[in-house]
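1. model this:
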Amino acid sequence: MSAWTQVMESVVRERRPSLVGYAYLMTGSRAEAEDLVQDAIVRTFARGRAKTSVVQAEAYIKRAIANEAINRARHRMVIEQHKPLVATPHYAPGHESVVSAQTDLEAALEALSPRERAVTVLKYVDDLTIASIAAVLKLGDGTVKRYLANAAVKLREQLGDDAVNHTERVTVPVTLKESRP
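-> Numbers count the residues shown, from 1 in each chain. Predicted coordinates:
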């Protein structure tokens, strides 16, 4: 068995659950998180990256997850913009699941744009610096700061003033639950 095959098997066996939790924070959907992780693992090893260590492979996979989450969200927004405006029960005002979902962290993260969500997860879950986030997402430092500031305002609006503390690392308990319809 080749060295990269062993690394891939180790990543799938040992790190997959935490990678799915990481992807869940980016997407808010367990099913999409599972798909995202699978695609990121395949893409990482198919392109010949991360062949030397589990740590290196996990770093490539996390970067692929963040980028693909942004791409998928952007794609969904384009599709939504081109759909005809038709009233369906899912979009009808007063839908109970929308009202109840806005009181927790999941709803607060959903309110963020894909890039705001990505920089927030990279900052507070991965504990990356502004420069590191900028390098991962191929953005300028000022752009990352703007996305973080915008996300902080939105999170504070939904979760209260103590929602974002810039002085310490945030530990987010991840419990994977089925996505809401």
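2. after the worst-scoring helix or strand of the chain on mean pLDDT, next one along is what?
-> None of the helices or strands of the chain scores lower by mean pLDDT, DSSP states H and E than helix 96-101, at a mean of 46. Next helix or strand after helix 96-101 toward the C-terminus (DSSP states H and E): helix 105-110.
3. point out where the protein drops to low pLDDT.
-> Scanning the chain for pLDDT under 70 picks out 1, 48-51, 83-104, 162-181.
4. domain map for it?
-> Here the domain parsing of the chain from automatic domain parsing is 1-83, 90-163.
5. I'd like the ones you listed laid out as TSV, including mean neighbour count.
-> All C-beta atoms are positioned from the backbone trio N, CA, C, and that covers glycine. As requested, the domains of the chain are exported to TSV (neighbours: other CB atoms under 10 Å):
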stretch	mean neighbour count
domain 1-83	17
domain 90-163	16
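6. mind checking how far residue 19 is from residue 153?
-> 29 Å (CB to CB, to the nearest Å).
7. no, scratch that, I was asking about residue 131
-> 22 Å.
8. ok, now residue 27?
-> As judged by CB to CB, residue 27 and residue 153 stand 22 Å apart.
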